[in-house]
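Novice: turn this into a model:
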Amino acid sequence: MSSSESLHGVNYAPPRSFGTILKANLKEALFPDDPFHEFKNEKLSTKIIKGTQYFVPICQWLPKYDWKKNFKFDLLAGITIASLAIPQGISYAKLAELPPIIGLYSSFVPPLVYAIFGSSKHLAVGTVATCSLIVAESIQEKVKPHDNMTLYLSLFYTATLISGLLQTALGVLRLGFLVDFLSHSTITGFMGGTALVICLQQLKGILGLKHFTSHTDVVHVIRAVIQNRKEFTWQCALVGVFFLVFLQTARYVRKKKPNLFLVSAVAPIAVVVIGCAGAYCFKAEKHGIAIVGKLNKGINPPSLNLITFDPKYVYVAVKAGIITAMISLAEGIAIGRSFSILDNEQIDGNKEMIALGLMNIAGSFTSCYLTTGPFSKTAVNHSAGCKTQMSNVVMSVCMLLTLLFLAPLFGYTPLVALAAIIMSAMLGLIDYDKAIHLYKTDKYDFLICMAAFLGVAFISMDMGLMLSVGLALIRALLYVARPPTCKLGNITDTAAYRDIEQYPGSSGTQGMLILKLGSPIYFPNSNYIRERILRWVRDEQSFENSKRNEVEYLILDLGGITSIDITGVETLFDIRKCLEAKSIKMILVNPRIGVMEKLLVTHFIDKIGKESIFLTIEDAIENCRFSLKSSDHTKREDVEFA
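Specialist: Numbering: from 1, shown residues only. Down below sits the predicted model:
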């Protein structure tokens, strides 16, 4: 019988070539969504046009943009998110101990770049508190802003460049799946812990403290507050509590009345305007309320000359860039996808990576620091009714006008107002409901979440992230090293064979043991699979088993095994030898194409015989019944096993 002929309906076609297998595997790994399906069977000119539209989305939506129908919505959304970007930009820049003007500038250039390359019409670009604090904490390990602001800025721009390069590379190489290692549990815990740390750090502004700690963990922050309690300023505390209550009330109104989203959206800029007016009229500095200080209007000069790769300092920028690249990608892509789903649309995660990366590269050259798609601004953009990426262009123009004409006015902004804005925003990032849901549904996911939360809160942000990711990887490795196996039984009056633990009423077959393997067989789990299969055989034939079954055939359902390596094949050889010593014959059912090819080239099929390979469990049982030694051929009934 030739190798391509079939027996029992099983296909024994010659194995595919290495090139064919490699091409198929790469396509599945890097292009699971088949992004170029629209280009198939098109002439060259059409492919060029569609390819340009795919890689540069503005070429697709701008020519078809309906100015009469859509622009009024994008104009409103753009102005609204700009009013949110101004106080957030100043606040997050102060959080990172950067000149406030850089926070404003970071909402000018990056949104323009995203409007060109971004595929999400809802994502609103801007700075975020989490990444601001991460970069600041990393860089301050080497240099303090008050010691050398030029070097401090230089490392910020370098970290932004590294982050952008990494994001772009991940997108170009179609490695978006790496971001998936930051699970929802990790992100929930990390964001919550960071929000708690940032909230506590704002006590410096709320209480009017002049001295504070550079550490971010809860213990150091609380200790600093207690040690500097004599510096408390009641005027600051009163103003801070007023602003915080005002902002939280606005958020509550929006939560109860979603149609009044503008109340929450304009609340931060209202706080800034009220604070500026109050500081100017009542000479706030004379009452112990510090203000931002002088802000120069105009466009910042390029920062390309400030990018540094000095070996003495660059490692802190690389560290900050890598961490923030992954976090900002996870946040930006997740938020973009979430809002796209609301409109029954999809976005390409790899294209989003390229867009976010390019805007950070451009930002690092134009005096901006790291940006992504913050949830608050994106939610406001969506609620305001944005139709396309044009809302980001409108926001950018508004920020340009602010930089050219209005920037000096924001110099009167009280620091306590910025502290209240940050604290209010961060309180919304502590997702209690999600943590409770994790506890009720998956204790290990809850442990991963709390590792991130407590690690960030009591050790450091990078350590909290590493602890959480480490626990998640341990869980993933356990799934790999200890794959599920189960014994199958027949459900009464059906042809279905299912897990006997899940369906206790199912029955086994006298003289046979049917097992299902549920994962690839390769070097990390081969020993476990061998030991587990042999234990199933031992337990089935054990005298301690009240329904002892003298096994003559071991039937392995391989339908759930997607691949097998050489170690896995050797494991099957070992299992077969052990079974032969017990006079048990191995039967294989439904090996998939990749597994079958490996079994053919390693001659395992020749060893076991093609007569031992079947398409279905029913076929295997029917063929094995007639050669059972222990059965009475006149009575071939299934015996029930627990």
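
Novice: endpoints of stretch 422-439, how far apart?
Specialist: Across stretch 422-439, the terminal residues are separated by 28 Å (C-alpha to C-alpha, to the nearest Å).

Novice: can you check stretch 168-178 too?
Specialist: 13 Å.

Novice: same question, stretch 490-504
Specialist: Termini of stretch 490-504 sit 10 Å apart (C-alpha to C-alpha).

Novice: give me the residues contacting it.
Specialist: The set of residues external to stretch 490-504 that reach it, using C-beta atoms under 8 Å, 6 or more residues apart in numbering, is 486-489, 505-509, 514, 516, 557, 617-618, 638, 641-642. For the C-beta atoms, the positions are set from N, CA and C on the backbone; glycine is no exception.

Novice: which of those residues fall in strands?
Specialist: The strands, defined by DSSP state E, take in C486, K487, L488, G489, I514, K516, D557 from those.

Novice: surely the fourth one touches I514?
Specialist: Yes - between G489 and I514 there is a contact at 7.4 Å, judged by C-beta atoms under 8 Å.

Novice: anything in contact with each of the two?
Specialist: Going by C-beta under 8 Å, 6+ apart, residues that sit against G489 and also against I514 are Y497, G508.

Novice: which pair in the ones in strands among the contacts of stretch 490-504 spans the largest distance?
Specialist: Farthest pair in the ones in strands among the contacts of stretch 490-504 (C-beta to C-beta) is G489 and D557. Separation: 12.2 Å.

Novice: T602: neighbouring residues, count only.
Specialist: Using other C-beta atoms under 10 Å, T602 is surrounded by 17 other residues.

Novice: and the closest residue to F523 other than its chain neighbours, which of the three is it?
Specialist: Computed as C-beta to C-beta, 6 or more residues apart in numbering, the closest residue to F523 that is not its neighbour in sequence is T567, at 4.1 Å. Following DSSP: H, G, I helix; E, B strand; the rest coil, the label given to T567 is helix.

Novice: neighbours around T567, how many?
Specialist: When counting by other C-beta under 10 Å, one arrives at 14 neighbours for T567.

Novice: OK, contacts around it?
Specialist: Residues near T567 by C-beta under 8 Å, 6+ apart: Y522, F523, S526.

Novice: out of the residues you listed, which are buried?
Specialist: Y522, S526 (16 or more other C-beta atoms under 10 Å).

Novice: do I have it right that V589 meets L615?
Specialist: Yes - taking C-beta under 8 Å as the definition, V589 is a contact partner of L615 at 7.4 Å.

Novice: the more surrounded of those two?
Specialist: More crowded of V589 and L615, by other C-beta under 10 Å: V589, with 26 against 16.

Novice: can you name the residues bridging to the more buried one?
Specialist: D557, F614 (DSSP bridges).

Novice: got the contact list for it?
Specialist: I555, L556, D557, L558, G559, I613, F614, L615, T616, I617, D619, A620.

Novice: and the third one, how many neighbours?
Specialist: Residues within reach of D557, counting by other C-beta under 10 Å, total 23.

Novice: retrieve the pLDDT associated with it.
Specialist: pLDDT recorded at D557 is 94.

Novice: mind listing the helices for the stretch 351-500 of the chain?
Specialist: 375-383, 390-401, 415-427, 432-441, 443-458, 461-481 (DSSP state H, counting those that start in this stretch).

Novice: out of these, which one sits most buried?
Specialist: helix 415-427 (a mean of 26; mean count of other C-beta atoms under 10 Å).

Novice: including distance to T402, could the contacts of V589 go into a markdown table?
Specialist: Output for those, formatted as a markdown table (distance: C-beta to C-beta, whole Å):
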| residue | distance to T402 |
| --- | --- |
| I555 | 73 |
| L556 | 69 |
| D557 | 66 |
| L558 | 64 |
| G559 | 62 |
| I613 | 72 |
| F614 | 73 |
| L615 | 70 |
| T616 | 70 |
| I617 | 70 |
| D619 | 74 |
| A620 | 74 |
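
Novice: tell me the contacts of D445?
Specialist: Residues near D445 by C-beta under 8 Å, 6+ apart: S183, S185, L438.

Novice: low-confidence ranges, the stretch 501-642 of the chain, go.
Specialist: Residue ranges of the stretch 501-642 of the chain with pLDDT under 70: 543-547, 629-642.

Novice: make it 80
Specialist: 543-549, 627-642 (pLDDT under 80).

Novice: for it, just list every one of the strands.
Specialist: Per DSSP state E, counting those that start in this stretch, the stretch 501-642 of the chain carries strands over the ranges 512-517, 553-557, 585-589, 613-614.

Novice: adding distance to S563, write these out as TSV.
Specialist: Below are those laid out as TSV (distance: least, C-beta to C-beta, whole Å):
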stretch	distance to S563
strand 512-517	12
strand 553-557	16
strand 585-589	15
strand 613-614	18
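
Novice: out of those strands, which gets nearest to L7?
Specialist: Nearest of the strands of the stretch 501-642 of the chain to L7, taken as C-beta to C-beta: strand 613-614 at 7.2 Å.

Novice: what residues does the closest one touch?
Specialist: L7, H8, V10, I587, L588, V589, N590, P591, I605, A620, N623.

Novice: quick check, the first one in contact with E611.
Specialist: Yes - at 6.3 Å, L7 and E611 qualify as touching, with contact defined as C-beta under 8 Å.

Novice: of those two, who's got more company?
Specialist: L7 (13 against 10).

Novice: where does pLDDT dip in the stretch 1-150 of the chain?
Specialist: Flagging of the stretch 1-150 of the chain using pLDDT under 80 yields the residue ranges 1-9, 11-13, 18, 21-47, 49-51.

Novice: of all residues in this structure, which one is nearest the centre?
Specialist: Centroid check for the chain by C-alpha atoms, centre = their mean gives A330 as the closest residue, at 3.9 Å.

Novice: which residues sit in contact with the nearest residue to that residue once chain neighbours are set aside?
Specialist: The shortest distance from A330 to any non-neighbouring residue, by C-beta to C-beta, 6+ apart, is to L182 (4.5 Å). Applying C-beta under 8 Å, 6+ apart, we find L182 in contact with M326, I327, A330, V469.

Novice: and of the residues you listed, the nearest to T249?
Specialist: Here the nearest of those to T249, counting by C-beta to C-beta, is I327; it sits at 30.4 Å.

Novice: which SS class is that closest one?
Specialist: Three-state assignment for I327 (three-state DSSP): helix.

Novice: wouldn't V537 be in contact with K582 here?
Specialist: Yes - using C-beta under 8 Å, V537 is in contact with K582, at 7.1 Å.

Novice: OK, contacts around V394?
Specialist: D74, L75, A77, G78, I79, A82.

Novice: show me which pair in the residues you listed is furthest apart.
Specialist: D74 and A82 (12.1 Å).

Novice: which one of those two is surrounded by more residues?
Specialist: Taking other C-beta under 10 Å, D74 and A82 do not tie; A82 has more neighbours (28 against 25).

Novice: contacts only, for the residue lying closest to that one once chain neighbours are set aside.
Specialist: Closest residue to A82 apart from its sequence neighbours, by C-beta to C-beta, 6+ apart: C398 at 3.6 Å. Residues counted as contacts of C398 (C-beta under 8 Å, 6+ apart) are G78, I79, A82.

Novice: possible to save those residues as JSON lines with secondary structure and distance to T194?
Specialist: Below are the contacts of C398 laid out as JSON lines (DSSP: H, G, I helix; E, B strand; the rest coil; distance: C-beta to C-beta, whole Å):
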{"residue": "G78", "secondary structure": "helix", "distance to T194": "28"}
{"residue": "I79", "secondary structure": "helix", "distance to T194": "30"}
{"residue": "A82", "secondary structure": "helix", "distance to T194": "25"}
